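S.K.: Structural data only, the sequence is not supplied:
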């Protein structure tokens, strides 16, 4: 619930659209890349979020190695939290 991904949605949309050329993110974002659905640092459409916002959906869709994708995602999440000044105690240690 740090909102780090949602605050950089324009980067994620750009990346995902390269994998899925016809992909259209259903929401807008502001000039800083913050998704319109981020409210109080939480996704207001979490239960119905787009595929690109669910790591498990992406893993299933592309038949990716779950451990490798989780490890990469943990690194990315922790880097974004560091950039946003979120204290170390909130960093992801592992996913199991």
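M.R.: Received the coordinates, thanks. Please read all numbers here as calculations on a predicted model, not as lab measurements.

S.K.: Need the residues that contact the lowest-mean-pLDDT helix or strand in the chain.
M.R.: Least confident helix or strand, the chain: helix 9-19 with a mean of 90, by mean pLDDT, DSSP states H and E. Residues outside helix 9-19 that contact it (C-beta atoms under 8 Å, 6 or more residues apart in numbering): 5, 23, 25, 27, 29, 33-35, 52-53, 62. The way it works is simple: take the backbone N, C-alpha and C, and place the C-beta from them, glycine included.

S.K.: filter these to the buried ones?
M.R.: 5, 25, 27, 29, 34-35, 52-53 (16 or more other C-beta atoms under 10 Å).

S.K.: Determine which two of these are furthest apart.
M.R.: Farthest pair in the buried ones among the contacts of helix 9-19 (C-beta to C-beta) is 34 and 52. Separation: 15.8 Å.

S.K.: Tell me where this structure has helices.
M.R.: All helices of the chain, identified by DSSP state H, fall at 9-19, 55-62, 66-83.

S.K.: can you state the direction angle for the first one and helix 66-83?
M.R.: Angle, helix 9-19 to helix 66-83, by axes from the mean of the first three to the mean of the last three C-alpha atoms, to 10 degrees: 150 degrees.

S.K.: Residue 50: how many residues sit nearby?
M.R.: The number of residues packed near residue 50 is 19, by other C-beta atoms under 10 Å.

S.K.: wait, what's in contact with it?
M.R.: Contacts of residue 50 by C-beta under 8 Å, 6+ apart are 25-27.

S.K.: and what of residue 26?
M.R.: Residues near residue 26 by C-beta under 8 Å, 6+ apart: residue 50.

S.K.: so where's this structure uncertain?
M.R.: Along the chain, the parts satisfying pLDDT under 70 run over 95-96.
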